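>>> let's see this in three dimensions:
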Amino acid sequence: MSKKALIVEDDGNIAELLRLYLEKDGFEVEHAADGGRGVELAAGFEPDVILLDIMLPVKDGWQVCREVRSFSKAAIVMLTAKGETTDKVTGLEMGADDYVTKPFEPKELIARIHAVMRRSGEESAPAARRLEFDKLVINLDSYELVVDGTKIDTPPKEMELLYHLAATPNRVYTRNQLLDEVWGFDYFGDSRTVDVHIKRLREKLEGVSDQWRLKTVWGVGYKFEVGAA
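Numbers count the residues shown, from 1 in each chain. All right, here's what the predicted structure looks like:
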């Protein structure tokens, strides 16, 4: 069953960006543009996590937090342009689980969401992100790449790209899919970035094993092919 997230935010651009990241992360998402509607959806939609702005029409974030806490155990992350300590303390005293000041990095926010959900019991600890193949270990938790028994220094984005491909062996990804799923919605670079990273990974992996390989699918993209011998 997918987790549910409620965004209570009157800025449509911020709300849409949050929706994109949350849906990409597997959440079912609802959005309320004012505090009154936020309380209604918190009761009807029964979210696992609520992203709650403070400066809202109808009811402000403080009031929404207080009312929602009277009937819901959802993890609440306050979102606001204010950064004063008093605001943070007020939110936490009213039952919020975390507090993020705008502007924020969406990927960091997603990580914070998972952290508060685990603390509130709404989410179990994540599974280890470690993949093993013949003479190859890809450990995304420690960002370590071990090739034929030797640890190879590898930049974070190369690790993320390799892990993403190897996590679904033999699936072909287009360059645009990889840009979207590895670099994220906020990346506006050239698709040739993928080619450069693949080239560097091949330099580290070429000829190590005949049981897998990074393969170019001409006219389409790339895949991590297993059973290629």
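
>>> which element is residue 196 on?
For residue 196, the element it lies in under DSSP states H and E is helix 192-205.

>>> what separates that helix from the chain centre, distance-wise?
Counting by C-alpha atoms, centre = their mean, to the nearest Å, helix 192-205 is centred 23 Å from the centre of its parent chain.

>>> who touches that helix?
Applying C-beta atoms under 8 Å, 6 or more residues apart in numbering, the contact partners of helix 192-205 are 136, 145, 147, 152, 154, 157-158, 161-162, 175, 178-179, 183, 213-214, 216, 221-222. No exception for glycine: its C-beta is placed from N, CA and C like everyone else's.

>>> then it to PDB, C-alphas only?
Output of helix 192-205 as PDB, limited to C-alpha atoms (Å, rounded to 0.1, in the frame of the first residue of the first chain):
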ATOM      1  CA  ARG A 192      25.000  14.200 -22.800                       C
ATOM      2  CA  THR A 193      25.700  14.300 -19.100                       C
ATOM      3  CA  VAL A 194      24.400  10.700 -18.900                       C
ATOM      4  CA  ASP A 195      26.800   9.700 -21.700                       C
ATOM      5  CA  VAL A 196      29.800  11.200 -19.800                       C
ATOM      6  CA  HIS A 197      28.900   9.400 -16.600                       C
ATOM      7  CA  ILE A 198      28.400   6.100 -18.400                       C
ATOM      8  CA  LYS A 199      31.800   6.500 -20.100                       C
ATOM      9  CA  ARG A 200      33.500   7.000 -16.700                       C
ATOM     10  CA  LEU A 201      31.700   4.000 -15.200                       C
ATOM     11  CA  ARG A 202      32.800   1.800 -18.100                       C
ATOM     12  CA  GLU A 203      36.400   2.800 -17.500                       C
ATOM     13  CA  LYS A 204      36.000   1.400 -14.000                       C
ATOM     14  CA  LEU A 205      34.000  -1.700 -14.900                       C
END
